[in-house]
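**Q** with the sequence up front, the predicted model follows.
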Amino acid sequence: MNADATPFRQRKKELLLALEVQVMSPSVRQVRLGLQRLCRVTDETLQQLWHSSGLSAPLALLAVGGYGRGELFPYSDVDVLVLLPNDCKLDQDEHLRSCIERFIGLCWDTGLEIGSSVRTLDECLHESGNDITVQTSLLEARYLTGHPPLAQSFQARYAQAMNPQAFFVAKTLEMNQRHTKHENTPYSLEPNCKESPGGLRDLQILLWVAKAAQLGDSWDALDRQGMITDHEARQLKRNEGLLSRIRIRLHLAAGRREDRLVFDLQAQVAKSLGMGLDAQGEFHARMGSERLMRDYYWAAKAVAQLNQILLQGIEDHLRRVRGESTTQMRALNERFFERDGLIEVASDDLYERHPHAILE
C-alpha cells in the first residue's frame, strides 16, 4: 500500500463518523459543512498525489461533476479532469503519460475512487459541444492544482462557448427522459432520492440552467435576482437538506454508493435519523419507515412543484434576453389568467385575501 493511503483512509473514516452525528441535526448548514469537509480532505489528498507523481506546469487538475460543486457525498465518485495545453501530444510524450498513469494509480491505491479524463483544452470544448453530459460536468469545473493560467483559459473559453438556451432545452429534455424512466412520479415505493422526480437531481438541474443563464448558482442568488421568493428559497433549502440527509444515510447504511430507498434500508435509515422512536426512546421499525417515507414524499412533491415553477421563470428570462416577447396572459376572470396552458393568479396574495378562490 502506498504511504499516502493510510492517512486518507483514516481521515475519511473519522469524517464519516462525524458526518453521522451532523446528519442528525436538521440544520442544512451542518449537513453542508460535513460534505464540504469531506471534499476538502479529498482536495488536499489529490494535490499531494499530483505533486508526488511529478506532474507540473503546464498541466492543470480540475474537479468536475458533483465533486466540482465542492460537496462530496460519502461514497460518490470523485470526478477529475487532467487538463492539457493544446500543443501537448500525449501519445508522443512517454514521460508525461507515465506520470499521469502513476497519478491515477496512486489515487486508487489511496482509496480514492476517481473517474478521470485526460483532455486538451480544445478537446474539452469539442466534447462539451457534442455531449450534454460532458458539458454539464464541465460547468462545475473547479481548479485544484497545476497551472492556473491554463485553468483560467479553459473557464473563459467554456463560458464564451456556452449557449444558455440550447443548454436549457437539452437539460429539460434530459430531465423529462429521466422522469419517464422513473415512471413520472415521486411516489415510487422504492424511490431514488437522487434521480426520481422530486429528487436531488431536479434541484441540480435548476442550479445548472440558472448558472448557464448567468443568474447565479445558489438559491440565495436566485432570490436576489427575483426568480424565486424568500419563502420558495427557504423551501428549496429545507427540502434539499432533507434529501441530502437521506442520501448520506443511505450511503453510510449500505457502505457504498446507494441512492435508492429500498425496503431493506428504510428502517435503518429512519432509525439513524431519529425517526420511529416512542416516548420511551424505543425504536419501532414500521413507524420509522412510515415517518421517513412520509417526509420524503412531502419533500419530493415540493421539489417537483418548485422545479416546474422555476424552470418556467428561467425560460421566460432567456426569452427576454433574446429579445423575444413572452406569451401574453389571457384573463379568465378577475382572479385568474391563462398562459401557455397554465393558470396564473392575478396577485401573489390572492389566496390570503380570498381563501375560497383555490376551489376555482
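**A** Done, it's in. Numbering: from 1, shown residues only.
**Q** please count neighbours and contacts with C-alpha atoms only from this point.
**A** Fine.
**Q** got any ranges where the stretch 251-360 of the chain has weak pLDDT?
**A** Applying pLDDT under 70 to the stretch 251-360 of the chain flags the ranges 325-327, 340.
**Q** which residues in it form strands?
**A** Under the criterion DSSP state E, counting those that start in this stretch, the stretch 251-360 of the chain contains strands at 330-331, 336-339, 342-345.
**Q** need those strands in TSV (columns: mean neighbour count and distance to Phe283).
**A** Compiled in TSV, these are given as follows (neighbours: other CA atoms under 10 Å; distance: least, CA to CA, whole Å):
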stretch	mean neighbour count	distance to Phe283
strand 330-331	14	54
strand 336-339	16	48
strand 342-345	14	45
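**Q** got TSV for the ones you listed, with distance to Phe167 too?
**A** Formatted as TSV, the strands of the stretch 251-360 of the chain follow (distance: least, CA to CA, whole Å):
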stretch	distance to Phe167
strand 330-331	30
strand 336-339	24
strand 342-345	24
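**Q** secondary structure element holding the most centrally placed residue in the chain?
**A** Centroid-nearest residue in the chain: Gln204, 4.4 Å away (criterion: CA atoms, centre = their mean). In this assignment (DSSP states H and E), Gln204 forms part of helix 200-212.
**Q** what sits up against that helix?
**A** 136, 139, 162-164, 167-168, 171, 175, 193-195, 216-219, 222, 240, 243-244, 303-304, 307, 310-311, 314 (CA atoms under 8 Å, 6 or more residues apart in numbering).
**Q** again, 6 Å this time
**A** Helix 200-212 is touched from outside by Pro164, Phe168, Lys194, Glu195, Asp217, with contacts defined as CA atoms under 6 Å, 6 or more residues apart in numbering.
**Q** of the residues you listed - the most surrounded one?
**A** Using other CA atoms under 10 Å as the neighbour criterion, Phe168 leads the contacts of helix 200-212 with 22 neighbours.
**Q** ok, and the closest non-adjacent residue to it?
**A** Once flanking residues are discounted, Phe168 sits nearest to Val209: 5.7 Å by CA to CA, 6 or more residues apart in numbering.
**Q** now swap in Ala221 and tell me
**A** Among residues not flanking Ala221 along the chain, Leu215 sits closest, at 7.1 Å (CA to CA, 6+ apart).
**Q** hang on, the earlier thing: from Leu55, how far off is the residue nearest to the centre of the chain?
**A** Going from Gln204 to Leu55 by CA to CA, to the nearest Å gives 33 Å.
**Q** and the contacts of stretch 39-52?
**A** Stretch 39-52 is contacted from outside by Glu71, Leu72, using CA under 6 Å, 6+ apart.
**Q** pull out the buried positions in it.
**A** Buried positions in stretch 39-52, judged by neighbour count with 16 or more other CA atoms under 10 Å: Cys39, Thr42, Asp43, Thr45, Leu46, Leu49, Trp50.
**Q** and what of stretch 220-234?
**A** The neighbour-count check on stretch 220-234 (16+ other CA under 10 Å) flags Asp220, Ala221, Leu222, Asp223, Met227, Ile228, Glu232, Ala233 as buried.
**Q** equivalent analysis for stretch 155-163, please.
**A** Neighbour-count burial for stretch 155-163 [16+ other CA under 10 Å]: Gln155, Tyr158, Met162.
**Q** in helices, which of those fall?
**A** Under the assignment DSSP state H, the buried residues of stretch 155-163 contribute Gln155, Tyr158 to helices.
**Q** let me have the buried residues of stretch 155-163 in a markdown table, extended by distance to Val80.
**A** Output for those, formatted as a markdown table (distance: CA to CA, whole Å):
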| residue | distance to Val80 |
| --- | --- |
| Gln155 | 15 |
| Tyr158 | 17 |
| Met162 | 21 |
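**Q** now do the helices in the stretch 151-300 of the chain.
**A** 164-181, 200-212, 219-224, 230-254, 263-272, 285-321 (DSSP state H, counting those that start in this stretch).
**Q** now render these as TSV, adding distance to Cys88.
**A** Listed next are those as TSV, based on distance: least, CA to CA, whole Å:
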stretch	distance to Cys88
helix 164-181	30
helix 200-212	29
helix 219-224	39
helix 230-254	39
helix 263-272	49
helix 285-321	38
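**Q** compare those helices and give me the one nearest Val64.
**A** helix 200-212 (13.1 Å; CA to CA).
**Q** got the angle for the closest one vs helix 285-321?
**A** 20 degrees (axes from the mean of the first three to the mean of the last three CA atoms, to 10 degrees).
**Q** how far off centre is helix 200-212?
**A** On the basis of CA atoms, centre = their mean, to the nearest Å, helix 200-212 sits 7 Å off its chain's mean C-alpha point.
**Q** can you check stretch 291-301 too?
**A** Stretch 291-301 sits 19 Å away from the centroid of its parent chain (CA atoms, centre = their mean).
**Q** doesn't His126 make contact with Gln135?
**A** No: assessed by CA atoms under 6 Å, Gln135 is found out of contact with His126, at 9.6 Å.
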